[in-house]
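Engineer: Here is a sequence together with a model predicted from it:
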Amino acid sequence: MAAVDVNAEALGVPRKQLMESSGNAVARVCRDLVDPGATVAIVAGRGNNGGDALVAARFLQVYDVTVHLLGRPETIATDIARENWDALVASELDHRTVTDSAAFDLGDPDLVVDAMLGTGVTGSLREPEATAAKAINDADASVLAVDVPSGIDADTGEAAGDAVDADHVVTFHDDKPGLGDLDCDVTVADIGIPAAAERFTGPGDLLALRRDAQSHKGDHGDVLVVGGGPYTGAPALAAQAALRAGADLARVACPEHVAREVQGYSENLIVRGFAGDRLAPEHVPDLLGFAADRDVVVFGPGLGDDDDSLDAVRAFLDSYDGTAVVDADALQVVPDVDTEATLICTPHQGELRQMGGETDADWDVRRDLVSDFAADLGHTLLVKGAYDVIAGGDESRVNRTGNPGMTVGGTGDVLAGATGALAAVLPPLDAAAVAAYANGRAGDLAADEFDGGLVATDLLERLPEALRGVDE
Ligand SMILES: NC(=O)C1=CN([C@@H]2O[C@H](COP(=O)(O)OP(=O)(O)OC[C@H]3O[C@@H](n4cnc5c(N)ncnc54)[C@H](O)[C@@H]3O)[C@@H](O)[C@H]2O)[C@H](O)CC1
Ligand SMILES: [K+]
């Protein structure tokens, strides 16, 4: 929900506007429950759940409404809730503040609107919420809860202690999984969040990446890139992208002549050369051993399509059961390989067709086609294009970042490496979606400076900024 909120804001629908819709939705349900002239007590907490009800008060002026704010107005937690409180005070709607639980007086209302706590609840109710919840439950009134009954965890439907016992709940945007287990009517209200906030990747998707301050080296991924042969720059680009996307360690396994070059690109890379001028089946046992201690393997950058190399990829995937990103020429082995591995495949549309998948100029049609093909393969697909389509499991996303300057060589290697790093810390579909978003955003930042003259290494430098999240 937090990610969707941030994406909606980026689309130009700020949270205050959603709060206005939420408050309006609360008022609509009230009108179904009690007739004009009835007495309504609104019990508002200091977060946005309370803010929704402060808005509702403005839509409920046909009733005898009293708003009880739990706490001093200075302690209201968000700007948008405070602005709605200030509007209510300025408009001289009946309001009081509860600073001493013992003095809380709910009165004798026909309807109570419980807006103490919503999705922001942690632990059991503290004061004055605990006393207010008791008063609400003891009152001879119907109780309408805003979003979730206060004290209930929206994900589990369970409470850490006492909670409000609601008769009705009006919840926003989507049903909350725990509500079905409660004995009350649930109304799901559309609050005008654009479908695009969920369909398209956006800055909200980056919230998944917040790091734990207690983390250690290795917690954010040890990524192995297997590639190189006919092309020497590609594996170095992918490995550096993995580091820029947050991996703690990036290793490259490649033919000896490539190894010397890769080391020259960056002293941050750990390079392992193998005999010969390309990957071949005899390298596979050693490679499997090396891959076993890594979090993710990225297969393909610069590998070429020599039969020996493709046989080696096939043999590797036959025995590997970890997570792998498969890119470039290595993609063609995926449809006929029987593997226990979790694969994220990153074809462009030509490579998708070679794999046996279908595509379409309309991205929405393409989304269905790619979803079906991902289901057939049993893997996650990130199909690159002006709109990237990401599909796997029963989910799909579309990414709109990026620009025509990114058709330059090497940007796909950067994307594959970044996907590898993110797959070490996120589920496959999320890793692919965030990587596509950040890679395109890095390209957009580079295009601001270099227009059509941007090169793949420009993306590397801008990946950290492209992955930096916004405040919730
Ligand atoms: N897109 C949407 O769904 C929208 C939802 N909206 C509403 O916003 C709330 C969530 O708001 P948030 O500010 O994040 O949290 P809460 O209001 O639920 O609570 C935060 C507040 O409560 C304090 N607190 C936490 N736990 C306890 C406790 N056990 N006892 C006492 N106090 C507690 C905490 O310190 C904070 O001060 C969502 O449910 C919707 O109703 C918006 O309208 C925007 C759109
Ligand atoms: K509530």
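Structural biologist: Arrived safely. Ligands and ions are numbered 1, 2, ... in the order given.
Engineer: Which other helices and strands does the longest helix along the chain contact?
Structural biologist: Longest helix in the chain by number of residues (criterion: DSSP state H): helix 428-450. With contacts defined as 3 or more C-beta pairs under 8 Å, 6 or more residues apart in numbering; DSSP states H and E, the packing partners of helix 428-450 are strand 342-345, strand 380-383, strand 388-392, strand 395-399, helix 411-423, helix 456-467. To be clear about C-beta, it is placed using only N, CA and C from the backbone, and glycine gets the same treatment.
Engineer: elements contacting the third one?
Structural biologist: Going back to what we said before, that points to strand 388-392. With contacts defined as 3+ C-beta pairs under 8 Å, 6+ apart, the secondary structure elements packing on strand 388-392 are helix 363-377, strand 380-383, strand 395-399, helix 428-450.
Engineer: Can I get the helices and strands packed on helix 428-450 in TSV including distance to Val62 and mean neighbour count?
Structural biologist: Putting the helices and strands packed on helix 428-450 into TSV (distance: least, C-beta to C-beta, whole Å; neighbours: other C-beta atoms under 10 Å) gives the following:
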stretch	distance to Val62	mean neighbour count
strand 342-345	55	24
strand 380-383	53	28
strand 388-392	48	28
strand 395-399	44	21
helix 411-423	52	31
helix 456-467	50	20
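Engineer: could I get those as CSV with mean pLDDT and distance to Asn137?
Structural biologist: Written out in CSV, the entries for the helices and strands packed on helix 428-450 read as follows (pLDDT from 0 to 100; distance: least, C-beta to C-beta, whole Å):
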stretch, mean pLDDT, distance to Asn137
strand 342-345, 98, 48
strand 380-383, 98, 47
strand 388-392, 98, 45
strand 395-399, 97, 39
helix 411-423, 98, 46
helix 456-467, 97, 46
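Engineer: Which of those sits closest to Asp190?
Structural biologist: The stretch from those with the least distance to Asp190 (C-beta to C-beta) is strand 395-399; that distance is 21.3 Å.
Engineer: ok, and what's touching the closest one?
Structural biologist: Outside of strand 395-399, the residues within contact range by C-beta atoms under 8 Å, 6 or more residues apart in numbering are 199-201, 363, 367, 370-371, 387-391, 429, 433, 436-437, 440.
Engineer: Are we agreed that Asp114 is in a helix?
Structural biologist: No. Assignment of Asp114 by DSSP: H, G, I helix; E, B strand; the rest coil gives strand, placing it outside any helix.
Engineer: Quickly list what it is bridged to.
Structural biologist: Judged by DSSP bridges, the bridge partners of Asp114 are Val43, Ala145.
Engineer: Surely it and Val164 touch.
Structural biologist: Yes. Judged on C-beta atoms under 8 Å, Asp114 makes contact with Val164 at a distance of 4.7 Å.
Engineer: Could you pull up phi and psi at Asp222?
Structural biologist: For Asp222, the backbone dihedrals (degrees, to the nearest 10) come out as phi -120, psi 110.
Engineer: what about it, how many neighbours?
Structural biologist: Applying other C-beta atoms under 10 Å, we find 20 other residues in the vicinity of Asp222.
Engineer: Now render the helices and strands packed on helix 428-450 as CSV, adding distance to ligand 1.
Structural biologist: As requested, the helices and strands packed on helix 428-450 are exported to CSV (distance: least, C-beta to the nearest ligand atom, whole Å):
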stretch, distance to ligand 1
strand 342-345, 29
strand 380-383, 27
strand 388-392, 23
strand 395-399, 19
helix 411-423, 25
helix 456-467, 24
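Engineer: so how far is Leu343 from the spatially most central residue of the chain?
Structural biologist: Centroid check for the chain by C-alpha atoms, centre = their mean gives Asp205 as the closest residue, at 3.4 Å. Taking C-beta to C-beta, to the nearest Å as the measure, Asp205 and Leu343 are separated by 21 Å.
Engineer: Tell me who's in contact with the closest residue in space to Phe299 that isn't next to it in sequence.
Structural biologist: Computed as C-beta to C-beta, 6 or more residues apart in numbering, the closest residue to Phe299 that is not its neighbour in sequence is Ala330, at 4.5 Å. With contact taken as C-beta under 8 Å, 6+ apart, Ala330 is in contact with Phe299, Gly300, Leu303, Leu310, Val313.
Engineer: that older thread, just the buried members of the contacts of strand 395-399?
Structural biologist: Applying a neighbour-count criterion of 16 or more other C-beta atoms under 10 Å, the buried members of those are 199-201, 363, 367, 370-371, 387-391, 429, 433, 436-437, 440.
Engineer: what pairs with Val170 across the strands?
Structural biologist: In this structure, Val170 bridges to Val146, Thr187 when assessed by DSSP bridges.
Engineer: hang on, it packs against Ala27?
Structural biologist: No. Using C-beta under 8 Å as the test, Val170 is too far from Ala27 to be in contact (9.5 Å).
Engineer: got the contact list for Gly276?
Structural biologist: The neighbourhood of Gly276, defined by C-beta under 8 Å, 6+ apart, consists of Pro255, Glu256, His283.
Engineer: Go again with 7 Å.
Structural biologist: With contacts defined as C-beta atoms under 7 Å, 6 or more residues apart in numbering, the neighbours of Gly276 are Pro255.
Engineer: which phi and psi does it have?
Structural biologist: Dihedral angles (degrees, to the nearest 10) for Gly276: phi 100, psi 180.
Engineer: What pLDDT is listed against it?
Structural biologist: pLDDT for Gly276: 94.
Engineer: With ligand 1 as the reference, measure out to it.
Structural biologist: In this structure, Gly276 and ligand 1 are 56 Å apart, going by C-beta to the nearest ligand atom, to the nearest Å.
Engineer: What's the separation between that residue and Ala236?
Structural biologist: Distance from Gly276 to Ala236, by C-beta to C-beta: 19 Å.
Engineer: and if you look at Val170?
Structural biologist: Here the distance between Val170 and Ala236 works out to 55 Å (C-beta to C-beta).
Engineer: One more: Arg353?
Structural biologist: Where Ala236 is concerned, Arg353 sits at a distance of 29 Å (C-beta to C-beta).
Engineer: Likewise for Asp327?
Structural biologist: The spacing between Asp327 and Ala236, counted by C-beta to C-beta, is 14 Å.
Engineer: returning to that earlier point: give me the buried entries from the contacts of Ala330.
Structural biologist: Judged by neighbour count, with buriedness set by 16+ other C-beta under 10 Å, the buried members of the contacts of Ala330 are Phe299, Gly300, Leu303, Leu310, Val313.
Engineer: List the contacts of the last one.
Structural biologist: It stands for Val313. Residues near Val313 by C-beta under 7 Å, 6+ apart: Phe299, Ala330, Val333.
Engineer: do that again at 10 Å, thanks
Structural biologist: Applying C-beta atoms under 10 Å, 6 or more residues apart in numbering to Val313 gives the contacts 226, 279, 281, 284, 299-300, 303, 324, 326, 329-334, 337.
Engineer: Show me what from this structure comes close to ligand 2.
Structural biologist: Of all the residues in the chain, those in contact range of ligand 2 (C-beta under 5 Å from the ion) are Asp114, Ala145, Val146, Ser150.
Engineer: ok, of those, which one's closest to Thr232?
Structural biologist: Thr232 lies nearest to Val146 out of the residues of the chain next to ligand 2, by C-beta to C-beta, at 60.2 Å.
Engineer: The closest one touches Val29, doesn't it?
Structural biologist: Yes. Using C-beta atoms under 10 Å, Val146 and Val29 qualify as a contacting pair, with a distance of 9.4 Å.
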